[in-house]
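Asks: Coordinates for the following, if possible.
(one chain, ligands or ions: 3)
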Amino acid sequence: MSEIPVIKAALLGAGTVGSGVYQILEWQKEEMPKKLGAVVRLKKILVRDTKKQREGMDSSLFTDNWKEILEDPEIQIVIEVMGGIEPARTYITEALQAGKHVVTANKDLLAEHGKEVLDAAAEHGCDLMFEAAVAGGIPIIRPLKQCLAANHLTEVMGIVNGTTNYILTKMTADHMEFSEALALATELGYAEADPTADIEGYDAARKVAIMASIAFNSRVTFQDVHTEGITKITAGDIAYAAELGMVIKLLGVARNTETGIEVGVYPMLIPREHPLAGVNDSFNAVFVHGDAVDDAMFQGRGAGKLPTASAVMGDVFEIARDLRAGSTGRINCTCYKELRLKPAEEMENRYFIRMQVEDQPGVLASIASVFGNHHVSIAQVIQKSVSGGVAELVVITDKVVERHFRDALLIMGEMSIVKEISSVLRVYTQNH
Ligand SMILES: NC(=O)C1=CN([C@@H]2O[C@H](COP(=O)(O)OP(=O)(O)OC[C@H]3O[C@@H](n4cnc5c(N)ncnc54)[C@H](OP(=O)(O)O)[C@@H]3O)[C@@H](O)[C@H]2O)C=CC1
Ligand SMILES: N[C@@H](CC=O)C(=O)O
Ligand code: NA
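Replies: Ligands and ions are numbered 1, 2, ... in the order given. The predicted structure is shown next:
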C-alpha cells in the first residue's frame, strides 16, 4: 500500500480557537486521507507560555520561538489563532514570504492590513484563507468570494458578533444585567481577549469591513465603518422596544448604493417577526442581496471554540487540497474597484428617540415643530407621565437624512422643556 502524504502545519496560539483546532485535527485523523488524499499534522504550536498546562495537547510541540517555525522547510501551513495586530502581522507576512500557506481567524489584522497581507500572498503564490474571521463557524467568506462571485452584490448585513448578541439576548429574555451577561460570554469563550472590541462594536465593524470589501470588490477598512456599541442600551430601551413589537440587535449593515458604499454597525430596533429577531445567544446571521441570487441568508454559531475551529479547519483542508493539486494561490485580493465611501451625515435611517420633557401643554407641539423644520417626519409618538412634572416621550421617525436629524437633536438638547435625551437608536428598514 502506498504511503499517505503528510502535510506539516504549525499552530500559532493554543487558546479558545487553537485548542478547538487541535481537537478537530484529532477527530479527523482517520478520515483525512479519504477526504484530502493526505494527512495534516501539527509539527509545532507557538504560545507565550510553554509551561502552561493545556489539557489533551502534546506538550512536546510547544515553542515560544517563531523562528523554529519560520525556518522549518517542512512546515507548509501556518494557522494563526493568536489574535491582535502584532506580532501576527509580522509572522503572517514572514510565513508568506517563506512560501508557507496561511489560515487566520484574525479580523483585527485583516480589517486594517488586509490589502498588505493579501498582496504578500499573491506575490508568493500562496493561499491566505480567513473563513473564521467573519461570523465564526458560518461559511460566509467562501460564499462571497466564490459561490456568489457571479453577482453584483448590493447588500450584506446581519448579526456578526456573538458576545453582544448573547448579552442582548440575556438582557431581553432573562432580564439579566449587562455585566453578568458579559461575564458569561467571556466564560464561554465568545468574547475577545479585550471585550471592549465586542461591546463597543469594533469587532462587528471589522467583520463588516471584511465582508463589504469582498462583496463590493472595493476596499473597506475598519476605520471606514461608522460604529456604535451596546454599552448605552438600558433595560428601559429594551422594554420600550418590546412595547413597540421589536427587539434590539447589534447589526452590521453594508450597502453598495449609486452614491457610494454605506457601512455601519449600530444597535437597532427590528420587528419581532423579522428573521434576525429570532437569532439569539452566540448565533450570528448574515443576509446577502445580489442581482442574480436575490436574497440569501447564512446562519450559525458566530463564536466559540469548536464552531470557530470548524471554519479554520475547513480552510486548512482547502489548502491541503490545493497543495495536493498544485493549485495554491488561485484566489487572492478581489478589490479591483475604488468606490466612494459615503459619510455618515449623508446616510438615511429611521430613529427611536427617548427623552425626558416637561409635562405641560404645548411641549409635544414644540418638539414636533423642531423636527418638522429639519425635514424629520414623525411616524409614532408614545408619551408617559413620570414623577415630578417630567414626562417620558418616545418618538419614532420616518426615514430621515442623518445630518438633518442630528441638527434637530442639537436644537432640542438646548430647549429648556427638554430635560434629557436618554436614548437615540436606529430602527431597521428593509431596503429592497
Ligand atoms: N473566540 C472566538 O470565538 C473567536 C475568535 N476569533 C479570533 O481567533 C483568534 C484567537 O482567539 P482566541 O482563541 O479566542 O484567543 P485566546 O486569547 O483564547 O488565545 C490566544 C492564544 O494565542 C497565544 N498568543 C497570544 N499572543 C501571542 C504571542 N505574541 N506569541 C505567541 N503566542 C501568543 C496565547 O498564548 P498563551 O496561551 O501562552 O497565553 C493563546 O494560546 C483571535 O484573532 C480572535 O479574534 C475569531 C472568531 C471567533
Ligand atoms: N468575539 C467574537 C468572536 C468571534 O469573532 C464574537 O463575540 O463574535
Ligand atoms: Na465564517
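Asks: got the residues of the stretch 201-350 of the chain near ligand 1?
Replies: Within the stretch 201-350 of the chain, the positions adjacent to ligand 1 are Ala303, Gly304, Thr308 by Cβ under 6 Å from any ligand atom. C-beta coordinates here come from the backbone N, C-alpha and C atoms, glycine included.
Asks: Now, of those residues, which are buried?
Replies: Among these, those classed as buried by 16 or more other Cβ atoms under 10 Å are Ala303, Gly304, Thr308.
Asks: with those in mind, which one is nearest to Ser377?
Replies: Ala303 (39.0 Å; Cβ to Cβ).
Asks: TSV for the buried ones among the residues of the stretch 201-350 of the chain next to ligand 1, including pLDDT and secondary structure?
Replies: Below are those laid out as TSV (pLDDT from 0 to 100; DSSP: H, G, I helix; E, B strand; the rest coil):
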residue	pLDDT	secondary structure
Ala303	95	coil
Gly304	95	coil
Thr308	98	helix
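Asks: need those in TSV with distance to Asp294, can you?
Replies: Below are those laid out as TSV (distance: Cβ to Cβ, whole Å):
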residue	distance to Asp294
Ala303	29
Gly304	31
Thr308	29
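Asks: any idea which of the residues of the stretch 201-350 of the chain next to ligand 1 is closest to ligand 2?
Replies: Ala303 (3.7 Å; Cβ to the nearest ligand atom).
Asks: For Leu323, see how far away the closest one is.
Replies: Taking Cβ to Cβ, to the nearest Å as the measure, Ala303 falls 29 Å from Leu323.
Asks: Now do the residue of the stretch 1-150 of the chain found nearest ligand 1 against Asn332, distance only.
Replies: The nearest approach of the stretch 1-150 of the chain to ligand 1 comes at Gly15, 1.9 Å away (Cβ to the nearest ligand atom). Distance from Gly15 to Asn332, counting by Cβ to Cβ: 29 Å.
Asks: how about the residue of the stretch 1-150 of the chain closest to ligand 1, what does it touch?
Replies: With contact set as Cβ atoms under 8 Å, 6 or more residues apart in numbering, Gly15 has these partners: Val81, Met82, Gly83.
Asks: Show the pLDDT at it.
Replies: Per-residue pLDDT puts Gly15 at 97.
Asks: Same question for Met1.
Replies: pLDDT, Met1: 53.
Asks: Alongside ligand 3, which residues does the stretch 1-150 of the chain contribute?
Replies: Contact residues (Cβ under 5 Å from the ion) of the stretch 1-150 of the chain with ligand 3: Glu131, Ala135, Ile138, Ile140.
Asks: Scan those and report the most crowded one.
Replies: Ranked by neighbour count (other Cβ atoms under 10 Å), those have Ala135 at the top, with 34 neighbours.
Asks: For it, which non-adjacent residue is closest in space?
Replies: Asn284 (4.4 Å; Cβ to Cβ, 6 or more residues apart in numbering).
Asks: isn't the one you found right up against Ile138?
Replies: Yes: under the criterion of Cβ atoms under 8 Å, Asn284 makes contact with Ile138 at 5.8 Å.
Asks: what's the overlap in contacts for those two?
Replies: Gln299, Gly300, Arg301, Gly302.
Asks: Number of residues surrounding the residue nearest to Thr259 when sequence neighbours are not counted?
Replies: Leaving aside its sequence neighbours, Thr259 sits nearest to Lys342 (Cβ to Cβ, 6+ apart; 6.4 Å). Around Lys342 there are 19 other residues, counting by other Cβ under 10 Å.
Asks: can you check Ala181 too?
Replies: Counted with other Cβ under 10 Å, Ala181 comes out at 19.
Asks: and if you look at Leu25?
Replies: 20.
Asks: Shouldn't it be within a helix?
Replies: Yes: assessed by DSSP: H, G, I helix; E, B strand; the rest coil, Leu25 belongs to a helix.
Asks: per-residue confidence for it?
Replies: On the pLDDT scale, Leu25 is placed at 98.
Asks: my guess is it meets Val39, correct?
Replies: No: Leu25 is beyond contact range of Val39, at 9.4 Å (criterion: Cβ under 8 Å).
Asks: possible to save the contacts of Gly15 as a markdown table with neighbour count?
Replies: Output for the contacts of Gly15, formatted as a markdown table (neighbours: other Cβ atoms under 10 Å):
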| residue | neighbour count |
| --- | --- |
| Val81 | 25 |
| Met82 | 23 |
| Gly83 | 21 |
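Asks: List, out of those, those positioned next to ligand 1.
Replies: Among these, ligand 1 is touched by Val81, Met82, Gly83 when using Cβ under 6 Å from any ligand atom.
Asks: so who does the first one touch?
Replies: Taking Cβ under 8 Å, 6+ apart as the contact definition, Val81 lies against Leu11, Leu12, Gly13, Gly15, Val17, Gly18, Val21, Thr104, Ala105, Asn106, Ala132, Val312.
Asks: now with 10 Å?
Replies: Val81 is in contact with 11-21, 46, 88, 103-106, 132, 308-309, 312, counting by Cβ atoms under 10 Å, 6 or more residues apart in numbering.
Asks: returning to that earlier point: between the contacts of Gly15, which is nearest ligand 3?
Replies: Val81 (13.5 Å; Cβ to the ion).
Asks: just checking: which of the contacts of Val81 also lie near ligand 2?
Replies: Under the cut-off given by Cβ under 6 Å from any ligand atom, ligand 2 has nothing from the contacts of Val81 close to it.
Asks: Could you break the protein into its assigned domains?
Replies: 6-136+306-325, 141-299, 344-427 (automatic domain parsing).
Asks: Out of those domains, which is closest to Lys337?
Replies: Taking the domains of the chain one by one with Cβ to Cβ, domain 141-299 is closest: 4.3 Å.
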